[in-house]
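J.: Sequence unavailable; structure follows:
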DNA sequence: GCTTCAACAGTACCT
DNA sequence: ACAGGTACTGTTGAAGCG
């Protein structure tokens, strides 16, 4: 019997001493299926020492009772041929231990791939793709299993991956919780889950609410609901780190088990910190928030607002410090219930905008859907590489600790300060990936100093002199060529589709996933944590990059194009189409890379600073780069003022009008008419509180939260305001949730927020800071008028 | 003992 | 827990001053 299924989740079980791979999927006809594959034997490799034959190692290894098979195989390591011994064994969990024993053998130099987990091993070796379609020959199982699916099958052969852009109809359940503690952060040991709000993608919404703070019925009702709806995907926001561990512990306190999965077990935290719910995909949307760099404070309401799910201004927002007071009051409790329901509605909305990307990323890099969000960028790239190089027999190097040694990066040209009219921004498209392709830069093509060059020749990087063989193509070249061409192909396909169609949505998500992996490839190459880290690989890419951009500048100037600015792979030049055309042509011929106008600014303003400017686009939009407007660590009021100044200055060319505007805003601040929220400054904690060498405002604010019983962790964004009083700035920082407007130091906001942000722009028009303060005479005028 | 100032710490941005 | 290059603010402690 043949089954077609889309792979949702994968896990393994050891039954009767035998490992089994469990593939959870959705079949073509919409049935939920579990396919059990008992045929896959885990293994790892041992590479013999110089002068030792692999056969000798095979002999030595046979003495271990746990070895089910050992054979010599041909593999590669950093592109070089190696004879290795592949060692199979029954128990996947013992592999690291077995590898250690083998490592100790006389003839063994190093073991490999003992750090590849069994289920990933299975996916890679069988070319099984998460969130992808497969066909498989199966039979009915001999025994009955107590699992929640329509059908259980036993595999008779390995699954065959089938290329398809179809996605099955997935059942999605979103949830959020509210926990109650009379003071400070709720603790699962003692504080109840008072509200659980659930929504499902069939349009239903439910709330489970505690009576008299007894949450056992709430938890049980939630479990029943999940069981009855039987979702394929469970989504939350912060659910990996907060909600699911809390619910799990809370159930334990009541002596029950949180059962949400398809086999009757508890959720458990696993690789990269994801919470696994067997048979379903548990997705924490927070793990995808990094994709939206424009959102500075990555909480649910901000992300929902940004993605157009629910406007912040139309939401009921309650700070966590205020949950208790809302829960305790019968009147305010209604608001809390509304807030919670809206949270889940936001989760569902965000899910609908992220899940296509998540599934595409999962199938592209080969990580299971519930892992791919929690895996850091470097690991996503790495799994994509592992998946690819398996096909060419490249052994996966061990991750090892290395000292950090810096290397030179890109060139940034000093900008020509002032306002420039009609400026074209030229860009090298995917510069580093294309450089790596063009010069065959790869871990497996690198020729170390002293090694004789191959007859087919080599490329030598400028400045740094690193050499890379021309032939055969390295795996970076193969991977990047594939990624670049696939993205081009998808993008041309998209042009013939309606943006509203399902196919468009899926393909667009796919090209985004491809883009993410492509763009991260250079960074991966220079990451000391990378398994295939070779510093010269990254160093050569930037060296070629520097030479390319420098040459481009020379060519531009030779053609009479004034270069206003440039950063890494971009050049800002006067928009003169014929010259630009010539430039593009010459660069293509001489350098072999493509440079294209990316956008044209009607007007663009530079100060003396690099990486900070503001351009006016033909459609009237402002493009603010690097300035306070786009920074998350300035008070909103200052950012708004600067943005308005930029608009006035670039559109109306009237610095005088801008100055008047600043006067008005400063007046409003001093009268405390500015909304309190616009005074909040947000900064991240980048380390534990006690590891800071100097005292800083956001750190002191965090300590105050801690004192109030709130847990603080690295990575949290602390929102604070500066209050009036004596002493250093850090002594006057207070978490905004604990502060009153009355105590705010408005002069700080005038002097240290508004003035610097405004003056940054207006100093270009010779406006002095003093001139930005509202004139006292204005007050007099007002008073005279009054009298 | 006070002010001044350069070095440093810290954060967030750009490509 | 993908790279290096850059701007900027506030803290710190030594230098400079009298």
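T.: Done, it's in. This structure is a prediction, so every number in the text was calculated from the model and none was measured.
J.: Chain A against DNA strand C: which residues are in contact?
T.: Counting by CB under 7 Å from any atom of the strand, chain A comes close to DNA strand C at A:272, A:376-379, A:406-412, A:519-520, A:522-524, A:526-529, A:538, A:542, A:568, A:607, A:609-612, A:626, A:694-697, A:728-730, A:752, A:756, A:760. Quick note: C-beta positions are derived from backbone N, CA and C, even for glycine.
J.: Mind checking which of the residues you listed are buried?
T.: Burial by neighbour count, judged by 16 or more other CB atoms under 10 Å, picks out A:272, A:379, A:411, A:520, A:522, A:524, A:526-527, A:538, A:542, A:568, A:607, A:612, A:696-697, A:730, A:752, A:760 from the residues of chain A next to DNA strand C.
J.: Quick check: residue A:531 touching residue A:398?
T.: Yes - under the contact definition of CB atoms under 8 Å, residue A:531 touches residue A:398, with a separation of 7.0 Å.
J.: Compare these two (neighbour count), which wins?
T.: Neighbours per residue (other CB atoms under 10 Å) separate residue A:531 from residue A:398, with residue A:531 holding more: 17 against 12.
J.: strand partners of the top strand by length along chain A, parallel vs antiparallel please.
T.: With DSSP state E setting the assignment, residue counts place strand A:2-15 as the longest strand in chain A. Sheet partners assigned to strand A:2-15 using DSSP bridges are listed as strand A:18-27 (antiparallel), strand A:133-139 (antiparallel).
J.: closest to residue A:366 out of these?
T.: Nearest to residue A:366 among these is strand A:133-139 (13.3 Å), distances taken as CB to CB.
J.: Pull out the buried residues from that closest one.
T.: By neighbour count, with 16+ other CB under 10 Å as the criterion, the buried positions of strand A:133-139 are A:133, A:134, A:136, A:138.
J.: right, is stretch A:435-452 up against DNA strand B?
T.: No - contact between stretch A:435-452 and DNA strand B is absent, the nearest approach being 12.7 Å (criterion: CB under 7 Å from any atom of the strand).
J.: Now do residue A:467: how many residues are near it, please.
T.: Other residues near residue A:467 come to 20 when the count uses other CB under 10 Å.
J.: what's the answer for residue A:228, then?
T.: Neighbour count for residue A:228, taken as other CB under 10 Å: 7.
J.: Please determine how far it is located from residue A:108.
T.: Residue A:228 sits 54 Å away from residue A:108, going by CB to CB, to the nearest Å.
J.: Just give the closest residue to residue A:206, not the sequence neighbours.
T.: Computed as CB to CB, 6 or more residues apart in numbering, the closest residue to residue A:206 that is not its neighbour in sequence is residue A:198, at 4.7 Å.
J.: Could you do residue A:215 as well?
T.: In space, residue A:215 is closest to residue A:192, 3.7 Å off (CB to CB, 6+ apart).
J.: Next, work out how far apart the residue of the stretch 151-300 of chain A found nearest DNA strand B and residue A:305 are.
T.: Closest approach between the stretch 151-300 of chain A and DNA strand B, counting by CB to the nearest atom of the strand: residue A:296, at 5.0 Å. Look at residue A:296 and residue A:305: by CB to CB, they are 12 Å apart.
J.: just residue A:57 next, same as before
T.: 61 Å.
J.: Let me know whether residue A:140 touches residue A:156 as I believe.
T.: No - Residue A:140 is not in contact with residue A:156 according to CB under 8 Å; the separation is 10.8 Å.
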